[in-house]
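Chemist: I would like the atomic coordinates for the input below:
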Amino acid sequence: MTERNVRLTDSKPSPSNQNYSVKYTKLFKLFILISIYRLANAWMIRTQFDPDEYWQTLEPAYCLAFSNKTATAPLSLHPQQKYGCALTWEWTRRKKDISPVETQDTSSFQKALHGPVRSYVSILPTYWYYLGCRSIFQWAANDDDDNGSILNKNSSGNSRQSYTTKFFSNAKQFVRQQSTYFISKGPVFLHALTVAVPTDLSVWIIASRLERLAVSHNHHDIKSGKNNAAHVHWWQSWASCALIFTITSWFNGYALIRTYANSIEAMLLMAGIALLGPELFDDVSVVKENQLCRHRLQARIAFVLGGLSACVRFTSLAAWIPIGIIIVLRKNTTAKQKLATLFGLCAANGLLGVLLGCCVDRYFFGFWAVPFLGNFHFNAILGLGSLYGTHPMLWYIYAGIPAICGIALPMFVWEVLLLLRKSRPRTNDAEGIRPRLTVFWIIASYTILHSFTEHKEFRFLLPVLPLMFILAGHAMVKLLRGISAYQSKLIIVALCLLNYPHLIYLSTVHQRGPISANAVLASIMKKAAQQDKSNNQFSVHYLMGCHSAPAYSHLHVADVIVDVDYLDCSPGCRSNKDLICESDAFSNDPYEFLHSAYATPLEGECNHEDSIDTPSYTESQHKRIPSFVIIMQEDASTTEELLFGKWNATLVASVRHSITSISWHRQTRNNDELSLLSLIDIHFEHMEIYSTLAK
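Modeler: Numbering: from 1, shown residues only. Next up is the predicted model:
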């Protein structure tokens, strides 16, 4: 066995520690560069993609850290646990009635099926961040003289004491002034470092391993070696091309950076595959029998991550089960080794990850819950996911993958076609392309199984998008090495630049209304509380679509108590034709809804309680007129008589939400239009903020 084969299969330690030093130094430099890029990416995000990025992460984490209404609140609350809390039905779903004749086991299983559908595993990074913010906010809430006098008790001079006291005073004031930004934007920066960056690094690690394997098999797909290494530039390597695709991807920049459970799932999957590199991709024929378990520690960690991923979203099993099957069915392994791999590696460690996830949920929910069973019951058995939209079975093939791949789509399709052609029987390259086929089958199984669900979204494919870029990177290498270095540079730059126009538009313009409106509202409440410290309680009602804006996580103002209300759209009323959801009643007739809901409630209308099993109704109580109302401009125009008349409201702000139309210059008139070069006019849809506070 040659020295190169030994290093590739990791069957022996490297003969020189210098190789490891160079490797990890390069990895650390990549981490720094990618971190800077992703932090800038997070800073650029000013829009909303989907409400789930708040209601599945920020809002439940905020409830745990800052609200006194959580089920797991300790007997002695933290001084900062005085704010509001809003949870959707995904967190409050429960099994209300269980027959007393059922056994305890059956009852527990039924409770799990009818229990919560979201796990607290995915919000742990945000929750820990909020705990840190909570401690800092409490420090900033103390009197300005406390820290200065204590820290400078033994100070040698009044001047030094004055400077130190002033520094702490300014620091506290800064924290109090920027608390809204810390709570609303901080988790995005955190996800940039803990989710997006590890995903990008995993792409580079996996592609590097596949490239080394391709070199070791002496294939002509990627020509590299000592003789021609000088002619191969860094941007012409497989790992570099895959990394360029993933970090410049418009969809990764738009969705992976956000606080989605899908983003956590993507990070766990990519990190797991990176840890499983030797077991998943290497040829076991070059490894001695007593060395087959050398990488079991990394592999065990990978499947523990897989179990945690299943807790976050049970659909991740569509990738992890094929991964386990591929490892078990490797060639040149005995039946005993296959059984040991199946039960000792895959199943045992996967279940360990699930158990850890259940323990986390037990701590936060206050009872034993298995959210992935509740998710499976709601989406697969009951099929209620279709209440939130349906798509044809092949939608991911002809719409989903082309959209999220973007510029990399031609390279990905080219690589897939080559793999399918070369993988046919009696093809000489069938064994050499096995690592790439492994990546393809993970993508294919994940996409096919997701295609059977009626409710489909682009972000559901986010976990396998980095794998698509790995295959696209291989095709790009073959293209770049067939042309000159100057031409390859131009292609790389062109591909990168083509991704950014729509990324910038989607991140800064499209659907920015909820974020901007909440920022304006928080600023208004902060100013009002500063002018009158006794005036620190406000109510905000979102008269818009189903959970179409974040709530408390974007309205956090120091010492300001906010009560938030939003239109109900829970499955309890969506799935019952005899009931009318608040969101539907409002969209059908905004004026009549406001007149009825804030006076005499509509009969048979769901109230704000987000319960799926036993929805209640607002038949005898009506809502109080709030301090602030956020409403779309079109709906506001139909309710102006009520808002300005009976409510005595005033319009305090109007923020841009999205582009409604584009016309030739001066062809149509609008209250807000942006003219480009006096040729075309861009017209915007607005969100409006009304206040009912006394002037």
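Chemist: Check which helices and strands whichever strand or helix holds Ser309 sits against.
Modeler: Element membership of Ser309, judged by DSSP states H and E, is helix 296-312. Contact partners of helix 296-312 among helices and strands, from 3 or more Cβ pairs under 8 Å, 6 or more residues apart in numbering; DSSP states H and E: helix 261-275, helix 317-328, helix 348-365, helix 371-376. In this view, the C-beta of every residue, glycine as well, is placed from N, C-alpha and C.
Chemist: and with 6 Å instead?
Modeler: Applying 3 or more Cβ pairs under 6 Å, 6 or more residues apart in numbering; DSSP states H and E, one finds that helix 296-312 makes contact with helix 261-275, helix 348-365.
Chemist: Most tightly packed of those?
Modeler: Most buried of the helices and strands packed on helix 296-312, by mean neighbour count (mean count of other Cβ atoms under 10 Å): helix 261-275, with a mean of 25.
Chemist: between that one and helix 296-312, what angle do the directions make?
Modeler: Orientation check (axes from the mean of the first three to the mean of the last three Cα atoms, to 10 degrees): helix 261-275 against helix 296-312 gives 170 degrees.
Chemist: quick one: contacts of helix 261-275?
Modeler: 56, 122, 195, 198-199, 202, 205-206, 256, 298, 301-302, 305-306, 309, 312-313, 316, 319, 459, 462-463, 466 (Cβ atoms under 6 Å, 6 or more residues apart in numbering).
Chemist: I'd like to know how many residues surround Leu495.
Modeler: Neighbour count for Leu495, taken as other Cβ atoms under 10 Å: 18.
Chemist: That one falls within a strand, correct?
Modeler: No: with DSSP: H, G, I helix; E, B strand; the rest coil as the criterion, Leu495 is helix rather than part of a strand.
Chemist: Quick check: pLDDT value at it.
Modeler: Looking at Leu495, its pLDDT is 82.
Chemist: contacting residues for it?
Modeler: For Leu495, the contact set (Cβ under 6 Å, 6+ apart) comprises Ile407.
Chemist: Relative to Ile244, how far out is it?
Modeler: According to Cβ to Cβ, to the nearest Å, Leu495 and Ile244 sit 8 Å apart.
Chemist: Where does pLDDT dip in the stretch 401-550 of the chain?
Modeler: Within the stretch 401-550 of the chain, the stretches with pLDDT under 70 are 423-432.
Chemist: could you pull out the strands for it?
Modeler: Remark: strands assigned in the stretch 401-550 of the chain by DSSP state E, counting those that start in this stretch are 537-543.
Chemist: Would you map the helices across it?
Modeler: Using DSSP state H, counting those that start in this stretch, the helices of the stretch 401-550 of the chain run over residues 401-405, 409-422, 434-451, 465-480, 485-508, 513-531.
Chemist: Arg93: which of those is closest?
Modeler: Closest of the helices of the stretch 401-550 of the chain to Arg93 is helix 434-451, at 22.5 Å (criterion: Cβ to Cβ).
Chemist: Report the central residue of this protein.
Modeler: Among the residues of the chain, the one closest to the centroid is Tyr260, at 1.9 Å (Cα atoms, centre = their mean).
Chemist: Low-confidence regions, the stretch 101-250 of the chain specifically.
Modeler: When residues are selected by pLDDT under 70, those of the stretch 101-250 of the chain lie in 101-107, 143-161, 217-232.
Chemist: Going along the chain, name the strands of it.
Modeler: According to DSSP E, counting those that start in this stretch, the stretch 101-250 of the chain contains no strands.
Chemist: Helix 485-508 and the longest helix along the chain, what's the angle between them?
Modeler: Counting by DSSP state H, the longest helix found in the chain is helix 17-44. Orientation check (the same axes, to 10 degrees): helix 17-44 against helix 485-508 gives 40 degrees.
Chemist: Look up how far Gly307 lies from Phe367.
Modeler: Applying Cβ to Cβ, the value for Phe367 to Gly307 is 21 Å.
Chemist: of these two, who's got more company?
Modeler: Taking other Cβ under 10 Å, Phe367 and Gly307 do not tie; Gly307 has more neighbours (25 against 11).
Chemist: Please look at the more buried one and Val354 and confirm they touch.
Modeler: Yes: between Gly307 and Val354 there is a contact under Cβ atoms under 6 Å: 4.3 Å.
Chemist: that older thread, let me know which of the helices and strands packed on helix 296-312 is the nearest to Ser675.
Modeler: Comparison of the helices and strands packed on helix 296-312 against Ser675 by Cβ to Cβ identifies helix 261-275 as nearest, at 37.7 Å.
Chemist: For the closest one, the averaged confidence score.
Modeler: Mean pLDDT, computed over helix 261-275, is 95.
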